[in-house]
Every structure is written in C-alpha cells, then in structure tokens.
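Trainee: Only the shape, not the letters, is given here:
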Ligand code: G3I
C-alpha cells in the first residue's frame, strides 16, 4: 500500500476528487478511501441533474455520493447551486412559455425577474435542506465572470442583473446556517483581467453584506500555463479580503489550448511529457503548501486518467483518437511520476 495523499497533506488542506455516482465501486472506491478525504459530484448535483423539470426532483446519484462520503468520513463540497450551463431551460421561461430574456415591457420584466428569483430560491432551499448536515463547502454560484472580467451575460444576469448572485448567497446562508462555507467558483482566476473582474464583484458584494466565505479556483491548468506568479497573486488577492481559497477542479493538461491536431493516443504519450507534468505538479503543490491557512482544500476534477472531461475535447480535436492524461493516477490506477513528486 503506497503512502496516502490525504495523509501527506493532513493539517494543511483537504485532498478531494470529483466523482460520478458509478465510480464509487471497485478499485476507484479503494483509491478514494485511501488517498482522498473530500468528495464533490462531477455532474450529479448540478441543477439539470437535480431538478430537470420544475418540482420534479432526482436525488438518486447525488444521494449515493453523499452516502459514500458519510460512510467514509469524508468532507463534501457541493457543486453547484447556480450556473448558466447544465441548467434546465424551464427556469427562464415565463408562465406563457416565452423566453424571459426577450421581454421588453418593463413591468413584465420585473415580474419575470421575481419569478426567476423565486424559482432559484426554491431550488436552493430544497437542496440545502436535504444536504446541509453533510456538505461543508458550497459552490453557490459558478462562473459568473466572463473571460474579459465583465459580468457574464447569462440569462441569470440578463433577467436579474447581479441580484441573482446576492439572493443566491443570502438564501444559501439562510438554510445552510452560519457554519456552512459559501464559495464563488470560477476558472482562469489566475488571468489578470478575469481575476480583477472577480475581485471587483466580490469586494462589492462584501460591502453590501453578502455572505461570501471564499473563492473557488477551478485550476484547469496546463504544464506551461498559467505562471506561478499569476497563480500566487490570485490567492493573495482574495485572502487579502479575508476570504478562504479552495482549489476546486484541479487537472493539469499535457497540452496547450487551443490544441493542435497532434494529440497522441494514450499508448503514444511520450515519457518526457509525464516528467514535465510531474515537475509542474511539484511546483504547484509547493505553492499550495506555502499558502498556509489561506488555502483549505485541493480537489482534483477526477480520480485517474481513464475518466476526464478533457478527453471530450481531446477527441473532438484529433479525429477521435487522442486523449489527455491530467491526473496523478494513470488509466489503470497506477501512480504516475506526478504522484511521487507531490508525496515526496
Ligand atoms: O448524462 C448524459 C447521458 O445521458 C448522455 O448519454 C451523454 C451523451 O453525450 O451525455 C451525458 O451528459 C454529459 C454529462 O457530462 C455527464 O456525463 C454531457 O453531455 C456533458 O456535456 C457533461 O460534461 C460535463 C461538463 O461539466 C458540462 O459542462 C463534464 O462531465 C464535467 O466534467 C464538466 O465540469 C465542469 C464543471 O462543472 C465547471 N467547471 C468546468 C468543468 C469542466 O468543463
């Protein structure tokens, strides 16, 4: 039995993995129990999974993950109460079935806004009441900032302005209680324009008394990007506001973005790429350790290289043959060079 990742970082930060309900068996379950002390659902707790039609709830997959975490005494992150993607379209239709975003009459626009906020509050209340004894950290809103740093022009924003963000946090706090940790989660938080846009929003929300406890940094990163300086700056910036940081969706792609058409097959991935990835894992975990109390959790967006969302895009850009390999366990659940670099 090799050394455990969770033990290695005990007292510093939690080590988590994103899972699908079907991954809680066999070898994957063994790895989870040994190496991780925190879980998050990769898809099973998104609005489209939990409430596909208004008032119709589907708890099966989500409950499985909660039970596994409970049984093995793991922390649970919740992903995600509000998002512009993987949200069923009924949220944004008025009572006549029309798209709320197209409404021009100002009185009707106000009615639509209230209806959408009510639906969001019902969703949050129902979910939070069910899982509040198990979940320790909540992604309340996900990806509300555009790459430019402006507020994302999603249906949520177009219908309610920034009120949905405010009301989402207030509702989560109301039902989850004061001990719950509430996060605003986003990708590319290292990129200065995006980081600054997120910072402006969070600062403004805190001034208004909105209960935000921390920032979730997704960290879908690559071997050569972003720089360690930008990464460090993104944590420092938010801890300067008195907020916690969590790394919520870590994976280190072997490739750049956008990719070229030269994705190798799994068997053809050159050993030096794995070495470069290991070096990158080493540097990034040193940085994480250096953050001390400013970082409470590091979650990988998967367990092993046999299951990663990055393969969808790898296949798409390589005529279906290429794959990525972003984790510290390989496709057969063996440890990679990266594993040893973050253990040693
Ligand atoms: O469930 C259906 C299944 O019924 C159907 O047969 C199949 C056919 O394509 O699709 C299945 O749904 C897929 C779902 O994953 C579950 O596997 C969706 O097509 C697919 O788009 C979806 O992708 C997920 C993606 O979010 C959606 O935007 C990825 O697994 C998931 O890793 C990814 O996670 C996001 C985070 O939530 C937010 N940050 C970025 C991260 C990576 O994109």
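Mentor: Thanks, I have it. All values derive from a computational prediction rather than experimental measurement.
Trainee: what's near enough to touch the closest residue to residue 266 other than its chain neighbours?
Mentor: Leaving aside its sequence neighbours, residue 266 sits nearest to residue 323 (CB to CB, 6 or more residues apart in numbering; 5.1 Å). Yep, even glycine has a C-beta here, placed from its N, CA and C like the rest. The neighbours of residue 323, taking CB atoms under 8 Å, 6 or more residues apart in numbering as the test, are 263, 265, 266, 305, 311, 314, 315.
Trainee: Tell me who's in contact with the fifth one.
Mentor: The reference is to residue 311. Applying CB under 8 Å, 6+ apart, we find residue 311 in contact with 323, 324.
Trainee: quick one: it is in a helix?
Mentor: Yes: per DSSP: H, G, I helix; E, B strand; the rest coil, residue 311 lies within a helix segment.
Trainee: Start at 645, not 1
Mentor: Done: numbering now begins at 645, and the last item shifts to residue 955.
Trainee: Past the helix or strand of the chain with the lowest mean pLDDT, which element shows up next along the chain?
Mentor: Scoring the helices and strands of the chain by mean pLDDT, DSSP states H and E places helix 954-960 at the bottom, with a mean of 89. Moving toward the C-terminus from helix 954-960, the next helix or strand (DSSP states H and E) is helix 981-987.
Trainee: Could you point out the longest helix of the protein?
Mentor: helix 750-775 (DSSP state H).
Trainee: Quick one: list the elements packing against that one.
Mentor: Under the contact definition 3 or more CB pairs under 8 Å, 6 or more residues apart in numbering; DSSP states H and E, helix 750-775 sits against helix 691-694, strand 719-722, helix 799-804, helix 807-820.
Trainee: hmm, who's touching the first one?
Mentor: Right, helix 691-694. 685, 687-688, 701-703, 705-706, 724-727, 730-732, 735, 767, 771.
Trainee: if you look at it, does any of it touch the ligand?
Mentor: No: Helix 691-694 is not in contact with the ligand by CB under 6 Å from any ligand atom; minimum separation 8.1 Å.
Trainee: Let's test this: mean pLDDT of the lengthiest strand in the chain, rounded?
Mentor: Counting residues, the longest strand in the chain under DSSP state E turns out to be strand 888-897. The average pLDDT within strand 888-897 is 98.
Trainee: Up against the ligand, what does this protein have?
Mentor: 686, 687, 729, 730, 786, 831, 862, 893, 953.
Trainee: Just the buried residues of those residues.
Mentor: Burial by neighbour count, judged by 16 or more other CB atoms under 10 Å, picks out 686, 687, 786, 831, 862, 893, 953 from these.
Trainee: Would you convert those residues into TSV that also reports secondary structure?
Mentor: Converted to TSV, these look like this (three-state DSSP):
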residue	secondary structure
686	coil
687	coil
786	strand
831	coil
862	coil
893	strand
953	coil
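Trainee: Tabulate those residues (TSV), appending distance to residue 878.
Mentor: Output for these, formatted as TSV (distance: CB to CB, whole Å):
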residue	distance to residue 878
686	23
687	26
786	17
831	11
862	11
893	14
953	22
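Trainee: ok, so of the residues you listed, who is nearest the ligand?
Mentor: Nearest to the ligand, judged by CB to the nearest ligand atom, of these is residue 953 at 3.4 Å.
Trainee: wait, doesn't the closest one sit right on residue 960?
Mentor: No: with contacts counted by CB atoms under 8 Å, residue 953 stays clear of residue 960, the gap being 11.5 Å.
Trainee: Next, work out how far apart the closest residue to residue 769 other than its chain neighbours and residue 850 are.
Mentor: Among residues not flanking residue 769 along the chain, residue 819 sits closest, at 5.3 Å (CB to CB, 6+ apart). Noted for residue 819: a distance of 21 Å to residue 850, by CB to CB, to the nearest Å.
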